[in-house]
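J.: here's a sequence, model it:
(2 chains, ligands or ions: 2)
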Amino acid sequence: MNPDKETESEQSVLEIIDLEKEFGSTRVLDGVSFKIERGEKVVLMGPSGSGKTTLLRCINWLETYEKGEIYLKGELVGYTVEKNKRYVRKEKDIARMRRECAMVFQHFNLIGHFSVLKNIMYAPIKILGENPDEVRQRAIDLLARVNLQDKIDFLPSELSGGQQQRVAIARALAVRPSLMLFDEPTSALDPELVGEVLQVMTEVAESGITMLIVTHEMNFARRCADRVIFMDEGKEVESGPPEIVFDDPKHARTKLFLGEVNWEV
Amino acid sequence: MRPSALPIARRIPWFTLVAAVILFLSVSAIISSIANNANLRWDMVGKFLFNARIIDGVKVTLELTVLSMLVAAIIGFILALAWQSSNRLLSALTWFYVWIFRGTPLLVQLLFWFNISLVLPQVTFWTPFSGTISWQTNDLISGYTAALLGLIFHEAAYMSEIFRGGFLSVPKGQVEAALSLGMTRNAALRCIVLPQSMRAIIPPATNQLISLLKMTSLVAVIGGGDLLTRAQFIYGSNFAVIPLLIVVSVWYLALVSIATGIQWYVERYIGAGSNSTQKINISSP
Ligand SMILES: Nc1ncnc2c1ncn2[C@@H]1O[C@H](COP(=O)(O)OP(=O)(O)OP(=O)(O)O)[C@@H](O)[C@H]1O
Ligand SMILES: [Mg+2]
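T.: Ligands and ions are numbered 1, 2, ... in the order given. This is a model prediction of the structure:
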């Protein structure tokens, strides 16, 4: 029984099957299943506490799960299966799989004692072992893409929230991930800084990278998402193209939620 | 006239001035009575301040401080790592270690080490070629080695708590970002947590060094050979108790002052800590 699914070409980038997660006695994820194909952009929405952050963290094994399966490019996240038993993967193996998906956090989480450039170059050079000169050039190009070429030697604490988040996106892009995870990347920002980050995210989306984005920015979702998944209480309530989910929601819970979020930006 | 055109005047702080004068007068009275007190025998203080035996004692005190701090820092670091490992047994062991060595007085621990031969009369090693080798514990444990062992084991408990606090001071998000980039836990600890925890570790660690410097005087009870041991030895024969205690105090003050100076520079260098430039302002601006 091999859990790692073959057929490279037909393989989904991400496949989640019946994922469940409990913290103590509260069930945070209650049977989540969906697939993301190569190049797809999926926006995940739902009220506070519905388990969106937990889901992203499980995909990255920052949170463990016991029930259900998560496949990243066909490989089971967190476990290996040998002789009908499931073992937690070795630390190095987990680290290798984490490199496939890059996470952009709500609170940026740039490494505080590294400069902007070092934040971007660190993983490709130190972890992936790429050529430093090449990486440096790529980092500079990425900084130009997020419009921060003049902040190369700054420390994260010397940047605004929007600038930090753009560096974080550049850092995630630098490892050339198969999947990018965004956890409410603009919700910790002042309103006037949201636009610059969404702008960068739109450009990233257009470049063809596979993305799973937790956000409540409706216009961004409408513009960039191939699919919107609406979650509540750890379950998928409704999913489909943004124009259908937003303009003609089937479920009362979705309607209620859409009535509450703001439509600006 | 508009207020902005007026000069800013300062009120005269009468209360502070009067208090300062009273304080100055009483302190000088105390100092002069000390300086002129014949019982203090300042001439003896001067005579013994740089006495060869006293200087030897200063060397031993410094040696005990530096050696035990270094070894305790290494043990403390390992304990702190073990504490935060996912292995329950390891973290329970460090908890137990800290419980024992921080929970009993240093003086008692020193007496235990000094009298360890009552528990373990012989130390035996097995070596592959020459079979077993054993020593009488009494030959191994002198006052000095007992002092060193006692200080190290006691200090390591405190150092491990300092390291542990330092690790905890690094925001969780820093580690998660490193992990999600594909770093292993060990690499994240080495490259992210350690450098960032230094700001939180160095101020209490230098504090600990200063208090250790003074705590070494406790080893006098087991004849550890430090500054106080030597002074006690000298006043045991010449009965100049107070002058020699003053000599000891002068030396400790001097050493602690140097250490404080170093602490001030180090803290300024890492831009953290409790120096005077960062006083919390609780009065008016
Ligand atoms: N480490 C944890 N320990 C215990 N409970 C947790 C933990 N992390 C999350 N939870 C709980 O899990 C539930 C889902 O949390 P999660 O952060 O995934 O929600 P979310 O959908 O991201 O919400 P938000 O929109 O507010 O970010 C919440 O009830 C939360 O209290
Ligand atoms: Mg969340």
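
J.: tally of neighbours for residue 187?
T.: Since no chain was named, I'll use chain A. Residues contacting A:S187 under the criterion other CB atoms under 10 Å in any protein chain shown number 13. Quick note: C-beta positions are derived from backbone N, CA and C, even for glycine.

J.: I was after chain B.
T.: Taking other CB under 10 Å as the definition, B:A187 ends up with a neighbour count of 17.

J.: that one: which element?
T.: Using DSSP states H and E, B:A187 sits in helix B:185-188.

J.: buried ones in whichever helix or strand comes after that helix?
T.: Sequence-wise, the next helix or strand beyond helix B:185-188 is helix B:194-215, with elements assigned using DSSP H and E. Residues of helix B:194-215 classed as buried: B:194, B:196-210, B:212-213, B:215 (neighbour count, 16 or more other CB atoms under 10 Å in any protein chain shown).

J.: one more: stretch A:82-95?
T.: So stretch A:82-95, judged by 16+ other CB under 10 Å, has buried residues A:R89, A:I94, A:A95.

J.: tell me the one among those residues nearest to chain B.
T.: When those are compared for distance to chain B (CB to the nearest CB), A:A95 wins out at 4.8 Å.

J.: and that closest one, which helix or strand is it part of?
T.: Once you assign secondary structure using DSSP H and E, A:A95 falls within helix A:91-98.

J.: identify the residues contacting that helix?
T.: Residues external to helix A:91-98 that are found in contact with it (CB atoms under 8 Å, 6 or more residues apart in numbering or on different chains): A:60-61, A:72, A:75, A:77-78, A:80, A:89, A:127, B:179-186.

J.: same deal with stretch A:153-162?
T.: A:108, A:110-117, A:119, A:151, A:164, A:167, A:188-190, A:193-194, A:196-197.

J.: narrow those to those in helices?
T.: Counted as lying in helices by DSSP state H, out of the contacts of stretch A:153-162, are A:V116, A:L117, A:N119, A:Q164, A:V167, A:L193, A:V194, A:E196, A:V197.

J.: dump those to JSON lines, plus neighbour count, distance to A:K255 and pLDDT.
T.: As requested, the ones in helices among the contacts of stretch A:153-162 are arranged in JSON lines below (neighbours: other CB atoms under 10 Å in any protein chain shown; distance: CB to CB, whole Å; pLDDT from 0 to 100):
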{"residue": "A:V116", "neighbour count": "25", "distance to A:K255": "43", "pLDDT": "96"}
{"residue": "A:L117", "neighbour count": "20", "distance to A:K255": "47", "pLDDT": "95"}
{"residue": "A:N119", "neighbour count": "26", "distance to A:K255": "42", "pLDDT": "95"}
{"residue": "A:Q164", "neighbour count": "26", "distance to A:K255": "35", "pLDDT": "95"}
{"residue": "A:V167", "neighbour count": "25", "distance to A:K255": "38", "pLDDT": "96"}
{"residue": "A:L193", "neighbour count": "18", "distance to A:K255": "30", "pLDDT": "90"}
{"residue": "A:V194", "neighbour count": "20", "distance to A:K255": "25", "pLDDT": "93"}
{"residue": "A:E196", "neighbour count": "18", "distance to A:K255": "31", "pLDDT": "91"}
{"residue": "A:V197", "neighbour count": "25", "distance to A:K255": "28", "pLDDT": "93"}
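
J.: distance between the helix or strand hosting B:L110 and the chain's centre?
T.: In the assignment (DSSP H and E), B:L110 maps to helix B:106-114. The chain centroid and the centroid of helix B:106-114 are separated by 18 Å, computed with CA atoms, centre = their mean, to the nearest Å.

J.: wait, doesn't A:R57 sit right on A:E63?
T.: Yes: if you go by CB atoms under 8 Å, A:R57 and A:E63 touch, sitting 4.0 Å apart.

J.: more neighbours: which of these two?
T.: Just comparing A:R57 and A:E63: by other CB under 10 Å the higher neighbour count belongs to A:R57, 20 against 17.

J.: dump the residue contacts of that one.
T.: When the contact criterion is CB under 8 Å, 6+ apart, the partners of A:R57 are A:E63.

J.: what separation is there between it and B:T65?
T.: Relative to B:T65, A:R57 is positioned 46 Å away (CB to CB, to the nearest Å).

J.: what helix or strand is the residue nearest in space to the middle of chain A located in?
T.: Averaging the C-alpha coordinates of chain A gives a centre point, and the residue nearest to it by CA atoms, centre = their mean is A:L181 (0.7 Å). Secondary structure here is read from DSSP H and E; on that basis A:L181 sits in strand A:179-183.

J.: name the residues of stretch B:63-80 that are buried.
T.: B:L64, B:T65, B:S68, B:M69, B:V71, B:A72, B:A73, B:I75, B:G76, B:F77, B:L79, B:A80.
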